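Novice: okay, predicted coordinates and the sequence, questions at the end:
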Amino acid sequence: MTEPLASDVILSVRDLKTWFVTRRVTAKAVDGVTFDLKRGRTLAVVGESGSGKSVTSLSIMGLLSRPGRIAGGSILFRDRQERVHDLAGFGQQQFRKLRGSEIAMIFQEPMTSLNPLFTVGDQIGEMIALHEPVDRREARRRALAMLKHVEIPDAESRLDDYPHQMSGGMRQRVMIAMALSCSPSLLIADEPTTALDVTIQAQILDLLRRLQAEMGMSILFITHNLGVVAEIAHNVVVMYGGRVVEQAPVNDLFAHQRHPYTKGLLACTP
Ligand code: ADP
Ligand code: MG
């Protein structure tokens, strides 16, 4: 029997185990991860490279590919209709249906998620048309509104840019615009600022904070950078070797760390 979600929790990951199973080895990439994300809040997942952060987010999105598989645990997500999906019970397919309508995701390198052959206006328009039947003109009008919403300067002329004509920071804004086109209640951001230089990083964090305040969106923010955590998150989960070694409100974590890995991480943070 799975315990139901508390009313202020939008996403609950419980004892999640995601393994990569090949003939010779079973790599336990995620090995019993548990955390709750509260509505309208930002939960940061931090940990060094290879600690299982991305595998956790792909598991949540139903985007795992072979040889990865969920070996145990459950992922509960409550949408506006108060539906609850239990991965262990129903399988990944059910959960995947929510992708793009309730849960959106952005990644580290926007260039790989954007199609180099189409303008950003067309790509955002196409996302919008996926969720609602709109004609070309309306899709373009909405795409422009989205570009303005994510604060792209001179948005009218940027609509016809190809991805390579934009800076990395602007491309990440385009990805955010695409992610928001379905008005998601949960945004999963997997190292969205890692590839950006520090000033641009700060601008993207500002943007996400503003969008969260306006839209009441919940954010699962994955990063290996504790400085970024201090800027954006309310709570933090620290992963190490596929497990959660610590979780706390951000201020508590900065004041007092229990696990040696977290202590080391903090010591390296300027
Ligand atoms: P992080 O995002 O924290 O850097 P990942 O979640 O990407 O780490 O990876 C966690 C572990 O899972 C790593 O040991 C990685 O090698 C392994 N892993 C990730 N993807 C695959 C895959 N497609 N096949 C096999 N192992 C994988
Ligand atoms: Mg990763």
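Specialist: Yes, it's here. Ligands and ions are numbered 1, 2, ... in the order given.

Novice: for stretch 237-255, what is the distance to the chain centroid?
Specialist: Relative to its chain's centre, stretch 237-255 lies at 18 Å (Cα atoms, centre = their mean, to the nearest Å).

Novice: buried set for stretch 7-15?
Specialist: Neighbour-count burial for stretch 7-15 flags 9, 10, 11, 12, 13, 14 (criterion: 16 or more other Cβ atoms under 10 Å). Bear in mind the C-beta positions are built from the backbone N, C-alpha and C, glycine included.

Novice: next: stretch 244-251.
Specialist: Using 16+ other Cβ under 10 Å as the test for burial, stretch 244-251 gives 244, 245, 246, 247, 248, 250.

Novice: could I get the average pLDDT for that stretch?
Specialist: What stretch 244-251 shows for mean pLDDT is 96.

Novice: next one: stretch 203-213
Specialist: Averaged over stretch 203-213, pLDDT sits at 94.

Novice: for ligand 2, what's its nearest residue on the chain.
Specialist: Closest to ligand 2 within the chain is residue 54: 3.2 Å, counting by Cβ to the ion.

Novice: in the sheet, who's paired with residue 31?
Specialist: For residue 31, the beta-bridge partners under DSSP bridges are residue 17.

Novice: neighbours of it, how many?
Specialist: 19 (other Cβ atoms under 10 Å).

Novice: what's the pLDDT at it?
Specialist: Reading off the model, residue 31 has pLDDT 96.

Novice: isn't it up against residue 15?
Specialist: No: contact criterion Cβ atoms under 8 Å: residue 31 and residue 15 do not qualify, at 9.5 Å.

Novice: now the element after whichever helix in the chain runs longest, going C-ward?
Specialist: Across the chain, the longest stretch assigned as helix under DSSP state H is helix 198-215. Where DSSP states H and E defines the elements, the next helix or strand beyond helix 198-215 is strand 218-223.

Novice: what are the buried residues along the next helix or strand after that following strand?
Specialist: Heading C-terminal from strand 218-223, the first helix or strand you meet, by DSSP H and E, is helix 226-232. Residues of helix 226-232 classed as buried by neighbour count (16+ other Cβ under 10 Å): 226, 228, 229, 231, 232.

Novice: run a quick neighbour tally on residue 206.
Specialist: For residue 206, the neighbour count with other Cβ under 10 Å is 13.

Novice: where's the residue nearest to residue 253 when sequence neighbours are not counted relative to residue 243, distance?
Specialist: Nearest non-adjacent residue to residue 253, counting by Cβ to Cβ, 6 or more residues apart in numbering: residue 236, 5.2 Å away. Distance of residue 236 to residue 243, computed by Cβ to Cβ, to the nearest Å: 15 Å.

Novice: can you pull the contacts of residue 31?
Specialist: By Cβ atoms under 8 Å, 6 or more residues apart in numbering, the contact set of residue 31 is 17, 52, 241, 242, 243.

Novice: okay if I get those residues as a markdown table plus distance to ligand 2, secondary structure and neighbour count?
Specialist: Below are those laid out as a markdown table (distance: Cβ to the ion, whole Å; DSSP: H, G, I helix; E, B strand; the rest coil; neighbours: other Cβ atoms under 10 Å):
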| residue | distance to ligand 2 | secondary structure | neighbour count |
| --- | --- | --- | --- |
| 17 | 18 | strand | 17 |
| 52 | 9 | coil | 23 |
| 241 | 14 | coil | 14 |
| 242 | 13 | coil | 23 |
| 243 | 16 | strand | 16 |
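
Novice: which one of those residues is nearest residue 154?
Specialist: When the contacts of residue 31 are compared for distance to residue 154 (Cβ to Cβ), residue 52 wins out at 40.7 Å.

Novice: which residues touch residue 174?
Specialist: Applying Cβ under 8 Å, 6+ apart, the residues near residue 174 are 110, 114, 120, 123, 124, 147, 150, 152, 163, 166.

Novice: no further questions, thank you.
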